[in-house]
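J.: model the following, please.
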Amino acid sequence: MAKLGIINYFKVVYDEWMHKVSWPSWSELQNSAIVVSVASLIIAIIVYMMDITFSSILERFYGLF
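T.: A predicted model of the protein is given here:
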């Protein structure tokens, strides 16, 4: 009984993937990858600048003692 349930489950999953899911085109996928890459780079630069700034502030603070 459980074996039929598993087979039916995979049939339903396959049907949904092939007929109900809207897959992006290759150009949409490339555009999304570029947007994610640029956003990641911008966030990495911001975090790097924050790290440098706080490091400089803490070095000056600890230099007082």
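
J.: now stretch 8-25 - C-alpha only, CSV.
T.: The C-alpha coordinates for stretch 8-25 follow below in CSV (Å, rounded to 0.1, in the frame of the first residue of the first chain):
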residue,chain,number,x,y,z
ASN,A,8,1.7,8.2,-7.0
TYR,A,9,3.5,11.0,-5.1
PHE,A,10,6.4,11.0,-7.6
LYS,A,11,3.9,11.0,-10.6
VAL,A,12,2.1,14.0,-9.1
VAL,A,13,5.4,15.8,-8.5
TYR,A,14,6.6,15.1,-12.0
ASP,A,15,3.3,16.3,-13.5
GLU,A,16,3.5,19.5,-11.4
TRP,A,17,7.1,20.2,-12.4
MET,A,18,6.4,19.7,-16.1
HIS,A,19,3.0,21.4,-16.5
LYS,A,20,2.4,23.8,-13.6
VAL,A,21,5.7,25.3,-12.8
SER,A,22,6.8,28.3,-14.9
TRP,A,23,10.5,27.9,-15.6
PRO,A,24,12.6,31.0,-16.4
SER,A,25,14.1,31.4,-19.8
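
J.: in this protein, what spans have low per-residue confidence?
T.: 1-2 (pLDDT under 70).

J.: quick one: contacts for the residue nearest in space to the middle of it?
T.: Against the mean C-alpha coordinate of the chain, by CA atoms, centre = their mean, the closest residue is residue 36 at 7.4 Å. Not one residue lies near residue 36 by CB atoms under 8 Å, 6 or more residues apart in numbering. Yep, even glycine has a C-beta here, placed from its N, CA and C like the rest.

J.: secondary structure element holding it?
T.: Element membership for residue 36, per DSSP states H and E: helix 26-63.

J.: cool, residue 22 as well?
T.: Going by DSSP H and E, residue 22 is not part of any helix or strand.

J.: what's the separation between residue 23 and residue 41?
T.: As judged by CB to CB, to the nearest Å, residue 23 and residue 41 stand 27 Å apart.
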